[in-house]
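S.K.: following is a predicted model, sequence given first.
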Amino acid sequence: MALKISLISYILLLPVFTIVNGFSATRRDGNIVLGPANGTAAGSAYFMTNDPDGNFIITTDVHLDGTLTPRLAIPTGGKGGHGVQTVLGPNALFSDGSVRGHSTGTRVVTTVNAGSNTMTLFKINPTAPSELVQVGDPIDTSGDFPTSVAYNRQGTTACVVNAGKRSGVACFAVSTTTGFTPIPDTVRSVELNQTTPPHGPPNTPGHIIFTEDDGQLVVAYRGVPETNTPGMLAVWNITSTGALSTGFQSVPPPPGALEPSSITRLPNTQFFMVTDPFVGASIYQVATGIKGVPIKSVPIPGQKFTSWSLFSMQTGNFYMSDIDTNTVTELNITNPALDTTIVAQYPLGDGAAPEDLTVSTIAKQDYLYVLEAGKLSVKAFIIKGPGQAVEIQEVAYGPLAQQAGLKLDTNNVVGMSLIVS
């Protein structure tokens, strides 16, 4: 399901920094300073350039009122990548979770570097979360074209999924002093008969996640609509030593679904809501000690490619982005009946091409942040209640990249994670 949309790329390699709005972009310790620090950040949001010539993580201060101030572009030490599409466009990695932050136990953020088959660990400054320090060298992911990473609850283990010719998963111990260390007996292959870079989005992994008790590792794999071949959730058991089971349990999609993509837990339950570009969404039951079960598909009328998702604790609802219709859909799933209701839909405007999104609670208030790849921007919403996400800001990064000489392309940018101080 190719994205058919005309987009303008910012290929910006200006040798001289200019002054715009009173701020002159500068280089500091190898980083590009995109905006000033004002000492009032409540957290930081992260996405990445994913550029094949050199990947950068973009950090943005998040303030107490939910608004954003761009701060830094920090090199990851690796290269970005772009999967093979019928029509070149955004959704470069075909995945959710390419940038993942963690703040419980360890305070770190990780980027995948698909073009160099590595991932990079950064330590977060506890008082200035947009300030990152790389820990160790980027580590080989034991496969080709890594696209999504997940942490366990304590942030002591990170697992990554590879989408290329050597496809599968691998896990690593996390240290804020030495970086990543491979965990023995965790490299597991999943035969997709892919290339490097992979052809997609069909027949590629969409997301990797731990179950709530850290007892299992789950990866969503998309099927192939053209041949009516269903995807699956691949589920590995995690042993007491951190090793993965030799084989995985394959959980098929429910009737009507075909392409499981982004996995979001229904908190304090055994259920996952999984986006599915073929139908909209679906519900699965996956938990340690039981056989995974597909529950039901959740059609979203008018959707074309719903592929990213998250959950708001404040509203109890899921939020999903559709890159083709430029829409965010808010979905309620009741517990335990699992009845579903489309609460609201939020149009983002032509050319937005929304990808990754995140929700964070700041001063007891939830805010929603959406990466608009087509506009090279991040849009911020205050979530006042169910069905009441109200836009408060849109930050355009294209002009900032032009000022700073940073290569930023609508076809490449991916990721969205947020850490609160």
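M.R.: That came through fine.

S.K.: which parts of the stretch 201-350 of the chain are strands?
M.R.: 205-210, 216-221, 232-237, 249-251, 263-265, 271-276, 280-285, 293-299, 306-312, 317-322, 327-333, 340-347 (DSSP state E, counting those that start in this stretch).

S.K.: now render these as CSV, adding mean neighbour count, mean pLDDT and distance to residue 49.
M.R.: (Glycine included, C-beta is placed from N, CA and C.) As requested, those are exported to CSV (neighbours: other Cβ atoms under 10 Å; pLDDT from 0 to 100; distance: least, Cβ to Cβ, whole Å):
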stretch, mean neighbour count, mean pLDDT, distance to residue 49
strand 205-210, 27, 98, 21
strand 216-221, 26, 98, 25
strand 232-237, 21, 98, 30
strand 249-251, 18, 98, 35
strand 263-265, 21, 97, 25
strand 271-276, 28, 98, 24
strand 280-285, 24, 98, 29
strand 293-299, 19, 98, 33
strand 306-312, 24, 98, 18
strand 317-322, 26, 98, 20
strand 327-333, 22, 98, 23
strand 340-347, 17, 98, 26
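
S.K.: in CSV: those strands, plus distance to residue 29.
M.R.: Output for the strands of the stretch 201-350 of the chain, formatted as CSV (distance: least, Cβ to Cβ, whole Å):
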stretch, distance to residue 29
strand 205-210, 32
strand 216-221, 36
strand 232-237, 39
strand 249-251, 46
strand 263-265, 36
strand 271-276, 39
strand 280-285, 43
strand 293-299, 47
strand 306-312, 32
strand 317-322, 34
strand 327-333, 36
strand 340-347, 39
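
S.K.: tell me which of those strands lies nearest to residue 372.
M.R.: strand 317-322 (9.3 Å; Cβ to Cβ).

S.K.: now do the closest one: distance to the chain's middle.
M.R.: Relative to the centre of its chain, strand 317-322 is centred 13 Å away, using Cα atoms, centre = their mean, to the nearest Å.

S.K.: what angle sits between it and strand 271-276?
M.R.: Calculated by axes from the mean of the first three to the mean of the last three Cα atoms, to 10 degrees, strand 317-322 forms an angle of 20 degrees with strand 271-276.

S.K.: by contact count, what packs against strand 317-322?
M.R.: Judged by 3 or more Cβ pairs under 8 Å, 6 or more residues apart in numbering; DSSP states H and E, the packing partners of strand 317-322 are strand 280-285, strand 306-312, strand 327-333, strand 354-362.

S.K.: and residue 33, how many residues sit next to it?
M.R.: Neighbour count of residue 33, defined by other Cβ atoms under 10 Å: 19.

S.K.: how about it, what does it touch?
M.R.: By Cβ atoms under 8 Å, 6 or more residues apart in numbering, the residues touching residue 33 are 25-27, 71-72, 404.

S.K.: what's the nearest residue to residue 251 if we skip its chain neighbours?
M.R.: Of all residues not flanking residue 251 in the chain, residue 292 sits nearest, at 3.6 Å (Cβ to Cβ, 6 or more residues apart in numbering).

S.K.: which residues are in contact with that neighbour?
M.R.: 233, 235, 249, 251, 284-286.

S.K.: quick one: least confident of the contacts of residue 33?
M.R.: Among the contacts of residue 33, residue 25 carries the weakest pLDDT, at 66.

S.K.: stretch 64-77: which residues count as buried?
M.R.: Judged by neighbour count (16 or more other Cβ atoms under 10 Å), stretch 64-77 contains these buried residues: 66, 68-74, 76-77.

S.K.: residue ranges in the stretch 1-150 of the chain under the pLDDT threshold?
M.R.: In the predicted model of the stretch 1-150 of the chain, residues 1-25 satisfy pLDDT under 70.

S.K.: could I get the full set of strands for it?
M.R.: Going by DSSP E, counting those that start in this stretch, the stretch 1-150 of the chain shows strands at 19-20, 23-24, 26-28, 31-33, 43-48, 56-62, 68-75, 99-102, 108-113, 118-124, 132-134, 139-140, 146-151.

S.K.: how big is the angle separating the last one from strand 118-124?
M.R.: With the same axes, to 10 degrees defining the directions, strand 146-151 sits at 40 degrees from strand 118-124.

S.K.: list the neighbouring strands of the helix or strand just after strand 146-151 plus their orientation.
M.R.: Next helix or strand after strand 146-151 toward the C-terminus (DSSP states H and E): strand 157-162. With DSSP bridges as the test, strand 157-162 is paired with strand 146-151 (antiparallel), strand 168-175 (antiparallel).

S.K.: quick one: contacts of the last one?
M.R.: Contact with strand 168-175 is made by 106, 108, 121, 135-136, 139, 141-143, 151, 155-162, 180-183, 186-190, 208, 217, 219, 236, 242, 244, as judged by Cβ under 8 Å, 6+ apart.
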